[in-house]
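**Q** quick check, what structure comes out for this input:
(one chain, ligands or ions: 1)
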Amino acid sequence: MNNQTENQLLVIFGASGDLTFRKLIPALYDMFTRKLLPEYFCILGASRTSYTNEQFRAEQHNHLVDLKGEQADMDAFLQLLWYITMDTYLSADYNRLKEFIQSLQKQCQLPDNVMYYLATPPVMYEVIPALLAANGLNHPSGTDGWRRIVVEKPFGNSLESAQKLNKELGSIFNEKDIYRIDHYLGKETVQNILVLRFSNGIFEPLWNRHYIDSVEIVAFEELGVEKRGKYYEGAGALRDMTQNHLMELMAFTAMESPPVFEPEMLRNEIHKVFLSLQPLDEQQIDKQVLRGQYEGYRQEPDVAPDSVTETWVGMKFFIDNVRWSQVPFYLYTGKKMSRKLSEIYINFKSTPHVLFAGQCSGGSCNQLIIRIQPDEGISLRFGLKMPGGGFVVKRVSMDFRYSSLSSELLPDAYVRLLMDAMNGDSTLYPRSDALEASWKFIDPILTHWKEVGGEGLLFYPPGTDGPAERDRLWVPD
Ligand code: BG6
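**A** Below is the predicted model of the structure:
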């Protein structure tokens, strides 16, 4: 990772919340210890909870001690933190924010570069930018400097709301200054999909409908909804995981190589994948998009006793382009599964003729498995002659594990994403048009489910791999 980050001020809205202490502050601390932060840098937390600077630092310190950092590093890092208590609905409070920003810029010798991070509930995604603009905080005060904004997911909860949010944000900040986070793109193993595909001559010739039988993308979690019942009831697995994380993984797997490795070129290719998705009509949705709910979900806190929210989704669809015509893509995600695992399976076609005993035939004999997490790595499965007499074939696996590269842990996704935004690099951030195209594909599913209510909702026991009916997706049309 390079450390050319520009000097700047980072303002975190929602600074007293869960995301700030669980993800953002630890990522920033990690960047601090790796010397990736700018030379002149400050973090200003903004939230309704009343803290002094000292109390805010003490609060973050309490969370950081779990990371077992050096006390001296921690003390130095905490000096970068500042806090303003404000009501983010109140325009007058943005004036105080403006004054605070100006005084920090002086005190910390910062140029007029400010990055806003919205670590708030989604209802604030339109309120805060509008009030920043109303108070002249969406542009630098002079000719130098910049303002950027980072928005957490969920980015809208339908095509219409995503379009509205894009429009609002686009009227306040330039598109190049809007960073929509999808933390899956910050994962090392996800970025490596591009390197694996585009820097190795052996995969590209096979990466198409002639040699690939199907593609499966899986993101399973052991945990249930925990304390997030209220949010999850309005989201469900389709909005929470599929529309964003799984669709991005799919786009990285399916996209064409960009002519050059530049943000807009890469984002163009991602956009094209979403534009090529074959839309699903109601009949296809019933057959090709299955939804499930784990038993016991309705008893979780803040969940309706008759909830029809899906905690598991399995779907099959096609990409209408020359590379992928007729190749089914399967996406699966679920909570309360037997294990936590995110993986991509490229299932190659088998040989047209079975020659040896034990030889595998069908669409998953040769598999390339990209293990996003855990046990990050890549495996290639193929048939091998069993030692001894005859020619008996056994399927074996050739494995690469990230853990064999070095003892250093893979950086958290937020480290990479924060660093990129701080550097003005939007390569790993979804662009507005691609996001809307992906919503356009997902939206009819949500509309149809709303119309049919709980009809078709499947139930599964916690600790399994989802509803037993999931194999229905594999029945050929
Ligand atoms: C989040 C979802 O975006 O991703 C959560 O809102 C989910 O519901 C999480 O648990 C999974 O992320 P990861 O990195 O643990 O796979």
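**Q** going forward, measure contacts and count neighbours with C-alpha atoms only.
**A** Will do.
**Q** please enumerate residues in contact with the helix or strand encompassing Leu97?
**A** Using DSSP states H and E, Leu97 sits in helix 91-107. Contacts with helix 91-107, where a contact means C-alpha atoms under 8 Å, 6 or more residues apart in numbering, come from 9, 42, 84, 86-88, 110-112, 131-132, 134-135, 137.
**Q** name the element Gln293 belongs to?
**A** Under the assignment here (DSSP H and E), Gln293 is part of strand 289-294.
**Q** Thr253 touches Ile193, doesn't it?
**A** Yes - using C-alpha atoms under 8 Å, Thr253 makes contact with Ile193 at a distance of 6.9 Å.
**Q** re earlier: among the contacts of helix 91-107, which lie within helices?
**A** Judged by DSSP state H, those include Leu131, Leu132, Ala134 as members of helices.
**Q** how many residues are close by the first one?
**A** The reference is to Leu131. 20 (other C-alpha atoms under 10 Å).
**Q** please determine how far the residue nearest to it when sequence neighbours are not counted is located from Thr49.
**A** Distance criterion C-alpha to C-alpha, 6 or more residues apart in numbering; nearest residue to Leu131, sequence neighbours excluded, is Ser91 at 5.9 Å. Here Ser91 is placed at a distance of 17 Å from Thr49 (C-alpha to C-alpha, to the nearest Å).
**Q** Ala421 - nearest residue in space that isn't next to it in sequence?
**A** Tyr179 (6.9 Å).
**Q** and what of Arg401?
**A** Gly377 (4.3 Å).
**Q** list the contacts of the one you found.
**A** Thr189, Ile370, Arg371, Asp399, Phe400, Arg401, Tyr402.
**Q** from these, which would you call buried?
**A** Thr189, Ile370, Arg371, Phe400, Tyr402 (16 or more other C-alpha atoms under 10 Å).
**Q** so of those, which ones are in strands?
**A** Counting by DSSP state E, the buried ones among the contacts of Gly377 place Ile370, Arg371, Phe400 in strands.
**Q** kindly reformat those residues as CSV containing distance to Phe32 and pLDDT.
**A** As requested, those are exported to CSV (distance: C-alpha to C-alpha, whole Å; pLDDT from 0 to 100):
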residue, distance to Phe32, pLDDT
Ile370, 31, 98
Arg371, 29, 97
Phe400, 30, 95
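**Q** dump those to CSV, plus distance to Phe459.
**A** Output for these, formatted as CSV (distance: C-alpha to C-alpha, whole Å):
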residue, distance to Phe459
Ile370, 29
Arg371, 27
Phe400, 36
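**Q** closest one of these to Phe56?
**A** Comparing these against Phe56 with C-alpha to C-alpha places Arg371 closest, at 38.1 Å.
**Q** next up, identify which helix or strand the closest residue in space to that closest one that isn't next to it in sequence is on.
**A** Of all residues not flanking Arg371 in the chain, Glu343 sits nearest, at 4.6 Å (C-alpha to C-alpha, 6+ apart). Assigned by DSSP H and E, Glu343 belongs to strand 341-348.
**Q** so where's the stretch 1-150 of the chain uncertain?
**A** 1-4, 68 (pLDDT under 70).
**Q** quick one, what contacts Ile84?
**A** Leu44, Gly45, Ala46, Ser47, Tyr51, Thr52, Asn53, Leu97, Phe100.
**Q** quick check on the contacts of helix 91-107: which are buried?
**A** Here, 16+ other C-alpha under 10 Å leaves Leu9, Cys42, Ile84, Met86, Thr88, Leu110, Pro111, Asp112, Leu131, Leu132, Asn135, Leu137 buried among the contacts of helix 91-107.
**Q** just the closest of these to Ala304, please.
**A** Of the buried ones among the contacts of helix 91-107, the one sitting nearest to Ala304 (C-alpha to C-alpha) turns out to be Thr88, at 29.9 Å.
**Q** and the residue lying closest to the closest one once chain neighbours are set aside, what helix or strand is that in?
**A** Spatially, and ignoring its direct neighbours in sequence, Thr88 is nearest to Ile128 (6.5 Å; C-alpha to C-alpha, 6+ apart). Assigned by DSSP H and E, Ile128 belongs to helix 124-134.
**Q** which residues touch the helix or strand just after that helix?
**A** The helix or strand immediately downstream of helix 124-134 is strand 146-151, counting by DSSP H and E. Contact with strand 146-151 is made by 112-119, 125, 138-140, 173, 177-181, 421, as judged by C-alpha under 8 Å, 6+ apart.
**Q** need the buried ones from those residues selected in PyMOL.
**A** Entered in PyMOL, the line below selects the buried ones among the contacts of strand 146-151, by 16+ other C-alpha under 10 Å:
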select buried, resi 112+113+114+115+116+117+118+119+125+138+139+173+177+178+179+180+181+421
